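S.K.: Sequence unavailable; structure follows:
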């Protein structure tokens, strides 16, 4: 077990973390959530030993190891993908050397009753156990398995890291961490730059991972599917919920409502006492009561109400000028990079008012087609743009559209025209996107990923576009900001082309879906739900498991080609339904336990009042109620454990 004890971090004029304490159990899967700047990454840095707290400590057993994936990494570009991944086995090499040395020492001891002999035998046994745990004999196979799970092809293994984008380099670093098999894995935004297939593989890997995991993510579904515990950082403190992210949202709302009501009731009581004190302060006959009430008020611990973060971007896209009926028309469009064919003889059209989702694995050509539409790369074949197009473009990597040496303000000012040239109005716009007066003078190169994303989005408001093309716009955006962007896109009355691996974000945004696979495009009428229905599955998970990435127009109506038999599909649905039923029952237990705990606290506060025992009838009622609630909690905990065992048994059968 890892222990976080009374961790505090202070900055000038700001208390970031205040006496944070919690335990991390061996198989915990914890989602760490909170608003931007609440201290999530700082806490991970402290747990990883890369930052010292101003107060408190982290207790890590001597035989336990931590793996940490940061948002930004430094990688030697001259190494190959496979060489970098194999660096994870430095511990295995060291263990093998130690085992050899200890074995030689044991062979030189003739007296087997010597305490030193028994000590070395025990040490040798521990070293062998660790070596077996790391599965040294199959290290090459493990490297290949994880690299392929994260989207690499066998041909990529010998390529230099410098040939890959930052997102793919991040995957290699993630591979190295997973190969180390640490007892505690710390992940800071691990799904950025991962495609849906890799995210699904990663979800399964983490869910079944034998160690503990703490992750920061803005992907709600990823948090729900991986984490069974959620820790929220708010106002320098934490709240620990034994539920996934969706369950946390419900319980948090209940907690805030209870807290708000308690604070309101306390304030009403304080005002009543203050009115009494003010009214009778000058009366000698009431002097004793006034002094008593003053002392009580001094001792009251004021209830603080944890306000949720209300600072999120709020905007609408300008009304779209009218364009021609045809936005783009492609004929025999192809794109090759050397000997690699990315797109092959594509025929497609995009019409005014279309809202198109580009989906598929990374490397299948989605971003390449976006760049072709934006006239950023050459290609073969024909592409005919429509009449009167004003295109707003959001690149996947912001360095492609933002100049690193410019300040935040200059980035906006250089693109401003018309009414936007007004300095006050530009600063107001930046304020809407959460850039303070100090932030606007920062250079782009020092901004975080989320800040760059918000700045790039802000530039899209400077002109009235009738076509908006967004390539992975939700990377680095927190959950509230993603929802605001989605709302703004729903209100946009122009043509939308959207590349995203964010399943929740895509839902309801589009009316056509282009699936990229093997250099070709397969079109589906409708949004993501219709796309999944066409594949006869209910979720992206089943779509990926079905292995139908090479689905063609002729194949998609052929039931015999579907990798799921009707019986297996129904069995999977029944199992998922049963799991949902058990999880909902667990959640109801947890909610009731939370409510009971709150009731117990309220009763115990009454029991601590000085005049509590004067009313004997009231005493008996409250003590009886207190005991009943405690017994009810005991029953609920037993029920929770039973439900949890049933869920584990079902999951074991699935494996």
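M.R.: Looks like it came in fine. Being a predicted model, the structure only gives us computed values, none of them experimental.
S.K.: For the rest of this, base every contact and every neighbour count on C-alpha atoms.
M.R.: Fine.
S.K.: check contacts around the residue nearest the centre of the chain.
M.R.: The chain has residue 217 as the residue nearest its centroid, 1.4 Å off, counting by Cα atoms, centre = their mean. By Cα atoms under 8 Å, 6 or more residues apart in numbering, residue 217 lies in contact with 31-33, 188-191, 223.
S.K.: and what of residue 212?
M.R.: The contact partners of residue 212, taken as Cα under 8 Å, 6+ apart, are 24-29, 183-185.
S.K.: those helices in the stretch 1-150 of the chain, which residues are they?
M.R.: All helices of the stretch 1-150 of the chain, identified by DSSP state H, counting those that start in this stretch, fall at 40-47, 81-86, 90-107, 115-133, 139-149.
S.K.: Turn the ones you listed into CSV, including mean neighbour count, mean pLDDT and distance to residue 604.
M.R.: Below are the helices of the stretch 1-150 of the chain laid out as CSV (neighbours: other Cα atoms under 10 Å; pLDDT from 0 to 100; distance: least, Cα to Cα, whole Å):
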stretch, mean neighbour count, mean pLDDT, distance to residue 604
helix 40-47, 20, 92, 33
helix 81-86, 22, 87, 56
helix 90-107, 14, 82, 53
helix 115-133, 14, 81, 49
helix 139-149, 17, 84, 53
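S.K.: Which among those is found nearest to residue 172?
M.R.: Taking Cα to Cα as the criterion, residue 172 comes closest to helix 81-86 out of the helices of the stretch 1-150 of the chain, the separation being 6.4 Å.
S.K.: for that closest one, packing partners?
M.R.: Using 3 or more Cα pairs under 8 Å, 6 or more residues apart in numbering; DSSP states H and E as the contact criterion, the elements in contact with helix 81-86 are helix 139-149, helix 166-180.
S.K.: I'd like those laid out as CSV, including distance to residue 83.
M.R.: Listed next are these as CSV, based on distance: least, Cα to Cα, whole Å:
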stretch, distance to residue 83
helix 139-149, 10
helix 166-180, 10
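S.K.: What count of nearby residues applies to residue 62?
M.R.: The number of residues packed near residue 62 is 6, by other Cα atoms under 10 Å.
S.K.: before we move on, the earlier item: mind giving me the PyMOL command for buried ones among the contacts of residue 212?
M.R.: Typed into PyMOL, the next command selects the buried ones out of the contacts of residue 212 (criterion: 16 or more other Cα atoms under 10 Å):
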select buried, resi 24+27+28+29+183+184+185
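S.K.: and of the contacts of residue 212, the nearest to residue 80?
M.R.: Looking at those and their distance to residue 80, the nearest is residue 185, at 24.2 Å (Cα to Cα).
S.K.: packing partners for the helix or strand harbouring the closest one?
M.R.: Element membership for residue 185, per DSSP states H and E: strand 184-188. Secondary-structure packing of strand 184-188 (3+ Cα pairs under 8 Å, 6+ apart): strand 66-69, strand 212-216.
S.K.: Please identify the most buried of those strands.
M.R.: strand 212-216 (a mean of 23; mean count of other Cα atoms under 10 Å).
S.K.: Would you mind checking which of the helices and strands packed on strand 184-188 scores lowest on average pLDDT?
M.R.: Averaged per stretch, pLDDT over the helices and strands packed on strand 184-188 is lowest on strand 66-69, reaching a mean of 90.
S.K.: for the one helix or strand residue 620 maps to, packing partners?
M.R.: Under the criterion of DSSP H and E, residue 620 resides in helix 616-654. Helices and strands touching helix 616-654, by 3+ Cα pairs under 8 Å, 6+ apart, are helix 566-607.
S.K.: Measure how the helix it packs on sits relative to helix 616-654, angle-wise.
M.R.: 160 degrees (axes from the mean of the first three to the mean of the last three Cα atoms, to 10 degrees).
S.K.: And helix 566-607, how far out from the chain middle?
M.R.: Here helix 566-607 shows a centroid-to-chain-centroid distance of 23 Å under the convention Cα atoms, centre = their mean, to the nearest Å.
S.K.: I'd like the average pLDDT over it.
M.R.: Confidence over helix 566-607 (mean pLDDT, whole number) is 76.
S.K.: Just give me the neighbour total for residue 505.
M.R.: 18.
S.K.: hang on, it packs against residue 481?
M.R.: No. Under the criterion of Cα atoms under 8 Å, residue 505 lies out of contact with residue 481, with a separation of 11.1 Å.
S.K.: Buried residues, whichever strand or helix holds residue 201. List them.
M.R.: When elements are defined using DSSP H and E, residue 201 is found to belong to helix 196-207. Under the neighbour-count criterion of 16+ other Cα under 10 Å, helix 196-207 has 196-203, 206-207 buried.
S.K.: Now render the residues you listed as TSV, adding pLDDT and distance to residue 530.
M.R.: Shown next, in TSV, are these (pLDDT from 0 to 100; distance: Cα to Cα, whole Å):
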residue	pLDDT	distance to residue 530
196	70	17
197	71	18
198	76	22
199	81	21
200	80	20
201	80	23
202	85	25
203	88	24
206	90	29
207	91	28
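S.K.: quick revisit: pull up the pairing partners for the strand holding residue 185, direction included.
M.R.: strand 66-69 (parallel), strand 212-216 (parallel) (DSSP bridges).
S.K.: Format these as a markdown table; extra columns: distance to residue 118.
M.R.: Supplementary listing: the strands paired with strand 184-188 in a markdown table, determined by distance: least, Cα to Cα, whole Å:
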| stretch | distance to residue 118 |
| --- | --- |
| strand 66-69 | 30 |
| strand 212-216 | 33 |
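S.K.: List the contacts of residue 508.
M.R.: The contact partners of residue 508, taken as Cα under 8 Å, 6+ apart, are 527-528.
S.K.: Secondary structure class of it, three-state.
M.R.: Of the three states, residue 508 takes coil under DSSP: H, G, I helix; E, B strand; the rest coil.
S.K.: now do residue 493
M.R.: Classification of residue 493 by three-state DSSP places it in coil.
S.K.: Run a quick neighbour tally on the nearest residue to it once chain neighbours are set aside.
M.R.: Counting by Cα to Cα, 6 or more residues apart in numbering, residue 320 is the residue found nearest to residue 493 once chain neighbours are left out, at 6.1 Å. Other residues near residue 320 number 17, with proximity taken as other Cα under 10 Å.
S.K.: For residue 392, see how far away residue 320 is.
M.R.: 11 Å (Cα to Cα, to the nearest Å).
S.K.: Kindly point out which residues are neighbours of both of the two.
M.R.: Any residue near both residue 320 and residue 392 by Cα under 8 Å, 6+ apart counts here, and that gives 465-467.
S.K.: Including secondary structure, could the residues you listed go into a markdown table?
M.R.: Putting the shared contacts of residue 320 and residue 392 into a markdown table (three-state DSSP) gives the following:
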| residue | secondary structure |
| --- | --- |
| 465 | coil |
| 466 | coil |
| 467 | strand |
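S.K.: Pipe these into TSV and attach distance to residue 65 per row.
M.R.: Written out in TSV, the entries for these read as follows (distance: Cα to Cα, whole Å):
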residue	distance to residue 65
465	52
466	53
467	50
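S.K.: and which of those is nearest residue 130?
M.R.: Closest to residue 130 out of these is residue 467 (56.9 Å), distances taken as Cα to Cα.
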